[in-house]
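Engineer: model this:
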Amino acid sequence: MPNGLDYFSNYWDKPELKKEFQNFTDFIFGLDFVLWDVNGYWDDDYMPFSFFRDGKVVSSVCLYKIAALVNGKQTFVYQFSAVATLPEYRKQGLNKILTDRAMETIEGTPDLTFLFSTDMAKPYYEKYGFIPSKEYYVSIDPSGCSGKMDDLKPLGIADKNFIYRMIQEREPVSGIFSSLNDKLTMFHTFYKLEGKLYYIEEPDAIICMERKEGVLTIYDIIARKMPLFEELQPYLPTEDIGEIKALLPADKIKPEKYQLKELTGNNFYIFGENKVSSELIVPFTMQA
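Structural biologist: Below is the predicted model of the structure:
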């Protein structure tokens, strides 16, 4: 144990430690987990490994054990996230110790262990043994779409119970690679997808999407029965849209005209084997 530091893991049942972790992530990443927590969606599968000094987090690693569908099989994949150390405690090997301890909890040989790195952290992950890897998205021809954003029903936090019920009852977005973790999807609803959710009564689906700089990005499709892309076309806007960028596999929505393109800028890393796909698409709402 490093001098003067206390080690804790899996401490969500200790309110004072959980609160200090939330203060730490807010300070380091500007991410306030309180909204996710107080609304009842905090997930014990999001596992912390942390060093404390005088009751405050000084270094932490989180490992998310994510229930997933991989090539038709229900399993788990693992994602490292919220890896950080306070500036005054860096270059002491603390993250290495915590990463080692997190690795020891991984069960068997998972289909995928991954993370998304900052530019600054890339040398650390590569030294540890993570391998920079390509990920892809589905680029869809927008011709044939005829909708307008103004005609769609937006959803917000006030609709959280309806959204969560839809998530719980949803069909996985892909048979190749899908998250089966309802609470992680709700995390995105509160944070990254706020203002980007739209409900379509027929085919009874929530489309998570954003129009920006000539691109319509589809982050997720939440539906009890996954619609085909042609069923969504009457609702998807076309004005000033040159590309539809779907951050999910295409095996269920089956667009007529599409191609896979490399997704850049995420600094995607894999540890060990990738048993999912050689042209991997990590669904957006699987990213912690």
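Engineer: now stretch 152-160, how far from the centre of its chain.
Structural biologist: Offset of stretch 152-160 from its chain centre (C-alpha atoms, centre = their mean, to the nearest Å): 20 Å.
Engineer: Now it: buried residues?
Structural biologist: By neighbour count with 16 or more other C-beta atoms under 10 Å, stretch 152-160 contains the buried residues 152, 155, 159-160. Using the backbone N, CA and C atoms, a C-beta is placed for each residue, glycine as well.
Engineer: what's the answer for stretch 235-252, then?
Structural biologist: 235-238, 244-250, 252.
Engineer: what about the strands in the stretch 151-288 of the chain?
Structural biologist: 153-155, 177-179, 197-200, 205-212, 215-223, 243-246, 258-263, 268-270 (DSSP state E, counting those that start in this stretch).
Engineer: Can you pull the poorly scored residue ranges out of the chain?
Structural biologist: 1 (pLDDT under 70).
Engineer: closest to Glu107 among the buried residues of stretch 235-252?
Structural biologist: Of all these, Glu107 sits closest to Pro249, with 24.9 Å by C-beta to C-beta.
Engineer: Report the contact partners of the closest residue to that closest one other than its chain neighbours.
Structural biologist: The shortest distance from Pro249 to any non-neighbouring residue, by C-beta to C-beta, 6 or more residues apart in numbering, is to Ser174 (3.8 Å). The contact partners of Ser174, taken as C-beta atoms under 8 Å, 6 or more residues apart in numbering, are 69, 248-252, 281, 283.
Engineer: let's go with 7 Å and repeat that
Structural biologist: 248-249, 251-252, 283 (C-beta atoms under 7 Å, 6 or more residues apart in numbering).
Engineer: For it, give its distance to Lys252.
Structural biologist: 6 Å (C-beta to C-beta, to the nearest Å).
Engineer: What residues does Pro48 make contact with?
Structural biologist: 9, 11, 21, 60, 62.
Engineer: now those residues as a markdown table including secondary structure?
Structural biologist: Output for those, formatted as a markdown table (DSSP: H, G, I helix; E, B strand; the rest coil):
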| residue | secondary structure |
| --- | --- |
| Ser9 | strand |
| Tyr11 | coil |
| Phe21 | helix |
| Ser60 | strand |
| Cys62 | strand |
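Engineer: ok, and the most crowded of these?
Structural biologist: Ser60 (25 neighbours; other C-beta atoms under 10 Å).
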